[in-house]
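# heads up, no residue letters with this:
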């Protein structure tokens with residue numbers, strides 16, 4: 001009886017290995033297919049990223065410069081404005097006269113409690129382009 005038991009046991013083991021191998025082969029095939037799909041997607045992604053980078057580099061060259069509304073690009077920074085006033089050597093009242101506002105407005109702008117209007121941004125931009133002598137002449141005429 002022991003021969004029969006060992007033969008039965010070996011036959012069950014053989015059949016189990018055969019079934020497992022059949023299942024494993026199918027999994028290996030699908031795994032290989034998934035890996036090749038992933039590799040293809042990675043290549044496609046790389047191509048698209050390089051194309052996007054090329055197109056992004058071309059955008060500033062092809063975009064027309066809009067001179068219609070120059071106030072769009074004007075920005076106000078508290079630190080920059082304070083540095084401008086210091087560079088020109090002006091008091092808050094003098095800077096206010098140059099820009100067309102009161103000295104109190106200048107203080108509020110520098111403290112960050114208020115922001116200048118668009119019309120005032122134009123005047124600040126014009127003041128940035130001036131030197132000390134030009135500012136003195138303009139204040140003398142005001």
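Thanks, I have it. No experiment lies behind these values; they were computed from the predicted model shown.

# Quick check: the residue positioned nearest the centre of the chain vs residue 29, distance?
The centre of the chain sits closest to residue 56, judged by CA atoms, centre = their mean, with a distance of 12.6 Å. Plainly put, residue 56 is 41 Å away from residue 29 if you go by CB to CB, to the nearest Å. The way it works is simple: take the backbone N, C-alpha and C, and place the C-beta from them, glycine included.

# Is the residue nearest to the centre of the chain in a helix, a strand, or coil?
helix (DSSP: H, G, I helix; E, B strand; the rest coil).

# Tell me, domain by domain, which residues of this protein belong where.
1-67, 75-141 (automatic domain parsing).

# Based on its surroundings, how many neighbours for residue 59?
8 (other CB atoms under 10 Å).

# name the element it belongs to?
Per DSSP states H and E, residue 59 falls inside helix 2-62.

# tally of neighbours for residue 22?
Residues near residue 22, counting by other CB under 10 Å: 9.

# Identify the residue nearest residue 112 in space, chain neighbours excluded?
Leaving aside its sequence neighbours, residue 112 sits nearest to residue 78 (CB to CB, 6 or more residues apart in numbering; 5.0 Å).

# Surely the one you found and residue 110 touch.
Yes. The pair residue 78 and residue 110 qualifies as a contact (CB atoms under 8 Å) at a distance of 6.0 Å.

# before we move on, the earlier item: who touches the residue nearest to the centre of the chain in this structure?
By CB atoms under 8 Å, 6 or more residues apart in numbering, the contact set of residue 56 is empty.

# same deal with residue 85?
92, 95, 106, 110.

# about what we covered before: let me see the mean pLDDT of the helix holding residue 59.
Per-residue pLDDT over helix 2-62 has a mean of 91.

# Many thanks, have a good one.
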